[in-house]
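Visitor: Sequence and computational prediction follow.
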Amino acid sequence: CSEDGSLVEWNAHTWTKANEFPADRQSGVEAYAVATGGDAGDGQTCVALTKGTKSTVRFFTDCKPSGDDVALPEQVQLQGLCQHMGMSGPVIFGATSTGALWYHSEIAGRMV
């Protein structure tokens, strides 16, 4: 994520932008945490977004939204994210503002 909240993918060989998802600063959405790549290096990224008291996790592939956003309960913000490629697919771990550790996997299909 860049300072303005845009998601940018860089080409490490040429140091040029490969893809970009621009931030919508007028919407009031803030990005609090990002996890990218995982172990597979497949262009997967997830971003924790907050607007007011509502938080979601949005998934991206090559800087393009992919799949549905995952909603969190009111008043809970993800402060940190980590992505790992598990035996049955990617797993996302999130540290919340309430001190809990949540995870999301393709098997669970939601943050728990």
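Guide: Received the coordinates, thanks. Numbering: from 1, shown residues only.

Visitor: Tell me the confidence at the spatially closest residue to residue 7 that is not a sequence neighbour?
Guide: Residue nearest to residue 7 in three dimensions, not counting chain neighbours: residue 21, with 4.2 Å by C-beta to C-beta, 6 or more residues apart in numbering. (Glycine included, C-beta is placed from N, CA and C.) Residue 21 carries a pLDDT score of 76 in this model.

Visitor: Kindly report the same for residue 7.
Guide: On the pLDDT scale, residue 7 gets 75.

Visitor: Repeat that for the one 5 residues further on.
Guide: At residue 12 the predicted local confidence, pLDDT, stands at 80.

Visitor: burial of it, as a residue count?
Guide: 8 (other C-beta atoms under 10 Å).

Visitor: Now for the residue nearest to residue 7: which residues touch it?
Guide: When contacts are counted by C-beta atoms under 8 Å, 6 or more residues apart in numbering, residue 21 is found next to 6-8, 60, 63-65.

Visitor: Check the spacing between the residue nearest to residue 57 when sequence neighbours are not counted and residue 53 real quick.
Guide: Excluding the flanking residues, the one nearest residue 57 by C-beta to C-beta, 6+ apart is residue 70, at 4.4 Å. Going from residue 70 to residue 53 by C-beta to C-beta, to the nearest Å gives 16 Å.
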